[in-house]
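> Output the structure for:
(one chain, ligands or ions: 1)
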Amino acid sequence: MKYERVAIVTTFFSLWLSVSFIHPSQEFIALFLIFSFGILHGSNDLSLIAKVNTASRPKHLAIFISSYVVTVLVASLLFYFIPVVALVFFIFFSAFHFGEQHWSASLNNTSRLNRFLFLNYGLALVFMLFYLNSEATQAVVFSLTKLTVPKQWFLWIFIVSSSLWVLQVLLLAYRKCILLQQLFFEIFMFLIFAIVFKTATLIWAFGIYFIFWHSIPSILEQQSFLYGEVSLRTFIIYLKSSFFIWLVSIISIILLFFWLEDDAIFLPVLFAFLGAITFAHSFTISQMFRLKK
Ligand SMILES: CC1=C(/C=C/C(C)=C/C=C/C(C)=C/C=O)C(C)(C)CCC1
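Numbering: from 1, shown residues only. Next comes the predicted model:
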């Protein structure tokens with residue numbers, strides 16, 4: 001069965017969970033999924049880097065790995081010293097990264113226009129989530145930056161970016177690069193996401209998209225890129241090869257949690273942590289898609 005169908009059924013099931021479970025349970029399931037599948041999908045980057053650089057010399061690989069580590073360090077420092085700048089970059093990178101993963105089956109990532117579509121799709125999705133959970137988002141952003149972002153900003157960025165991605169897909173359909181049905185399907189899915197985002201709490205709403213529409217498809221894509229097929233056998237190889245980095249990430253988050261005396265800033269710090277690893281991760285995944293085409 002195509003994974004997309006599984007994701008649709010799971011999304012409806014998550015919607016049912018959103019109405020039947022009260023807040024702490026939604027938060028608990030979301031954090032469990034983010035820590036398991038969410039962190040896992042970014043834990044195999046070193047194998048991807050090694051595969052992307054197979055043709056090159058070990059020196060090239062070493063430079064690539066060092067720049068990965070430096071990017072994570074610089075991003076962490078940026079979150080600590082200039083959180084506003086870090087957050088803006090983080091949202092843009094994440095939006096592009098979500099869009100690229102979402103459209104990877106239908107569009108290549110070498111065309112500038114397609115890359116602009118990925119960015120607008122991701123921005124529309126992320127800002128729809130923020131707008132429909134504006135108070136909770138404002139609270140997390142405030143703890144990170146000490147700034148209150150007006151709710152209207154979320155709405156305007158959503159309106160502009162969603163109009164742009166719909167227009168671009170219409171253009172692609174006109175040029176016969178994409179079927180018009182796909183546009184209807186994507187708009188339909190956006191409406192489903194809007195219902196989910198409105199019904200669930202911020203973290204559960206984010207978790208539903210991040211896990212079922214981003215992390216799991218990304219793991220499947222990485223399995224096929226690294227080991228040539230998607231099967232239980234290659235999933236076990238994937239698990240083994242990402243286990244160490246996954247464990248280090250989880251231990252770091254747990255240490256951070258105990259180190260922070262104030263529980264209220266755990267969520268902002270978790271997002272800053274995700275942010276620090278997102279820059280290098282999204283770059284690695286882009287390289288993977290580039291090579292796959
Ligand atoms: C939901 C949410 C935020 C954004 C989170 C994002 C955009 C996460 C992206 C993670 C990625 C791309 C991980 C790696 O693949 C903010 C702005 C922190 C504020 C409050 C709630």
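
> Check what pLDDT the nearest residue to residue 10 once chain neighbours are set aside gets.
The shortest distance from residue 10 to any non-neighbouring residue, by Cβ to Cβ, 6 or more residues apart in numbering, is to residue 212 (4.9 Å). The C-beta positions use only the backbone N, C-alpha and C, and glycine is treated the same way. Looking at residue 212, its pLDDT reads 96.

> Show me which residues of the stretch 51-200 of the chain sit near the ligand.
91, 94, 97, 126, 137, 140-141 (Cβ under 6 Å from any ligand atom).

> Which parts of the stretch 101-250 of the chain are strands?
Applying DSSP state E, counting those that start in this stretch to the stretch 101-250 of the chain gives no strands.

> ranges for the helices of the chain?
3-20, 23-33, 39-40, 45-52, 58-81, 83-103, 112-132, 134-145, 151-174, 180-199, 202-208, 216-227, 232-259, 266-292 (DSSP state H).

> Just name the most buried of those helices.
Ranked by mean neighbour count, the helices of the chain are led by helix 202-208 with a mean of 24 (mean count of other Cβ atoms under 10 Å).

> That one and the ligand in contact?
Yes: interface with the ligand: helix 202-208 contributes 202, 206 (Cβ under 6 Å from any ligand atom).

> Would you confirm that the residue nearest to residue 10 contacts residue 14?
Yes: using Cβ atoms under 8 Å, residue 212 is in contact with residue 14, at 7.3 Å.

> how much space between residue 251 and residue 80?
Residue 251 is 20 Å from residue 80, where distance means Cβ to Cβ, to the nearest Å.

> One more: residue 105?
37 Å.

> Show the pLDDT at residue 204.
93.

> okay but it is in contact with residue 15, surely?
No: proximity of residue 204 to residue 15 does not meet the contact threshold set by Cβ under 8 Å, at 10.3 Å.

> residues contacting the residue of the stretch 151-293 of the chain found nearest the ligand?
Closest approach between the stretch 151-293 of the chain and the ligand, counting by Cβ to the nearest ligand atom: residue 271, at 3.5 Å. Going by Cβ atoms under 8 Å, 6 or more residues apart in numbering, residue 271 touches 90, 140, 144.

> For the first one, which non-adjacent residue is spatially closest?
Same thing as residue 90. Using Cβ to Cβ, 6+ apart, the closest residue to residue 90 is residue 275 (3.9 Å).

> How about the contacts made by that neighbour?
With Cβ under 8 Å, 6+ apart, residue 275 has these contacts: 75, 79, 86-87, 90, 94.

> Spatially nearest residue to the most centrally placed residue in the chain, not counting backbone neighbours?
With distances taken as Cα atoms, centre = their mean, the residue of the chain nearest its centroid is residue 98 (4.9 Å). Of all residues not flanking residue 98 in the chain, residue 122 sits nearest, at 4.1 Å (Cβ to Cβ, 6+ apart).

> Ok, residue 41 next?
Closest residue in space to residue 41, ignoring its immediate chain neighbours: residue 215 at 3.9 Å, by Cβ to Cβ, 6+ apart.

> Show the pLDDT at that neighbour.
96.

> contacting residues around stretch 89-100?
Stretch 89-100 is contacted by residues 75, 78-79, 109, 115, 117-123, 125-126, 165, 209, 214, 271, 275, 278-279, 281-282, 285-286, 289 when judged by Cβ under 8 Å, 6+ apart.

> what about the stretch 151-293 of the chain, any weak spots by pLDDT?
Applying pLDDT under 70 to the stretch 151-293 of the chain flags the ranges 261-264, 292-293.

> Please name the residues that touch whatever residue of the stretch 101-250 of the chain ends up closest to the ligand.
Closest contact between the stretch 101-250 of the chain and the ligand, by Cβ to the nearest ligand atom, is at residue 140 (3.6 Å). The contact partners of residue 140, taken as Cβ under 8 Å, 6+ apart, are 202, 267-268, 271.

> for residue 35, same thing?
Per Cβ under 8 Å, 6+ apart, neighbours of residue 35: 250, 253.

> ok, now the one 5 residues further on?
Counting by Cβ under 8 Å, 6+ apart, residue 40 touches 215, 219, 239, 242, 246.

> Max pairwise distance over the residues you listed: which two?
215 and 239 (13.8 Å; Cβ to Cβ).

> how far out from the middle of the chain is stretch 152-160?
20 Å (Cα atoms, centre = their mean, to the nearest Å).

> Kindly format the C-alpha coordinates of it as PDB.
Extracted as PDB, the C-alpha positions of stretch 152-160 are listed here (Å, rounded to 0.1, in the frame of the first residue of the first chain):
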ATOM      1  CA  GLN A 152      -2.100  39.100  12.100                       C
ATOM      2  CA  TRP A 153       1.500  38.400  10.900                       C
ATOM      3  CA  PHE A 154       0.800  34.700  11.000                       C
ATOM      4  CA  LEU A 155      -2.300  35.200   8.900                       C
ATOM      5  CA  TRP A 156      -0.700  37.400   6.300                       C
ATOM      6  CA  ILE A 157       2.300  35.200   5.800                       C
ATOM      7  CA  PHE A 158      -0.100  32.300   5.400                       C
ATOM      8  CA  ILE A 159      -2.200  34.100   2.800                       C
ATOM      9  CA  VAL A 160       0.700  35.300   0.700                       C
END
